[in-house]
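Novice: sequence and predicted model, in that order:
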Amino acid sequence: MELLLLIGLQGSGKSTFYRTRFASSHAYVSKDLLRNNRRPARRQLQQVEDALRQGQLVVVDNTNASRAERSELIELGKRLGARVIGYYFAADVTRSRERNARREGRQRVPDVAIFATLKRLERPDYSEGFDELFFVRNNDEDGFDISPWQSTTTP
């Protein structure tokens, strides 16, 4: 079993990364799909738990910006025997805002949301319980450059 956490600003390419790399193999969980739910974080945890208990591979596509936001997911994954893998997307506010501006409807977020996430964004660390971590740069034209995590990787 595998639980993947996508970590980064809105508009950093997390959803596209999921679609191009994991859509055919992993269940998709995102609070964006739970907008009408009164307690989306609780419902998200339930969806992850259900999928893992069914033996599915799971991707959680949210900003997952802080250790606190990631902790319950990591704990759940570990408790259920899943390998927990994080993909940290390079924080590039200008490019995130440009990509976000091309979105339509509810997918577009106000710029202030991107800046608010940037303030909360904490780089992941193996001490949180990750089994693997990767650094992702979205190069738009050719897709994504993925490298193994190093504590000295620049944001």
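Specialist: Ah, there it is.
Novice: and the pLDDT for the residue nearest to R67 when sequence neighbours are not counted?
Specialist: Nearest residue to R67 in three dimensions, chain neighbours excluded: E122, at 5.5 Å (CB to CB, 6 or more residues apart in numbering). C-beta: built from backbone N, CA, C; applies to glycine. Here the pLDDT value assigned to E122 is 95.
Novice: ok but E122 is inside a helix, no?
Specialist: No. Using DSSP: H, G, I helix; E, B strand; the rest coil, the assignment for E122 is coil, not a helix.
Novice: what's the local residue count around it?
Specialist: E122 has 15 neighbours, counted by other CB atoms under 10 Å.
Novice: which secondary element of this protein has the worst mean pLDDT?
Specialist: Lowest on mean pLDDT, DSSP states H and E among the helices and strands of the chain sits helix 93-101, with a mean of 84.
Novice: what separates that helix from the chain centre, distance-wise?
Specialist: Taking CA atoms, centre = their mean, to the nearest Å, one finds the center of helix 93-101 at 17 Å from the center of the full chain.
Novice: and that helix, what's buried?
Specialist: For helix 93-101, burial by neighbour count (16 or more other CB atoms under 10 Å) applies to R95, S96, R97, R99, N100.
Novice: show residues contacting stretch 46-59.
Specialist: 1-4, 6, 18, 22, 25-29, 60, 73, 76-77, 80, 82 (CB atoms under 8 Å, 6 or more residues apart in numbering).
Novice: ends of that stretch, what's the gap?
Specialist: The first and last residues of stretch 46-59 sit 14 Å apart, counting by CA to CA, to the nearest Å.
Novice: what do you get for stretch 23-41?
Specialist: Stretch 23-41: ends 22 Å apart by CA to CA.
Novice: now do it, average pLDDT.
Specialist: Stretch 23-41 comes out at a mean pLDDT of 77.
Novice: what do you get for stretch 144-155?
Specialist: On average, stretch 144-155 scores 74.
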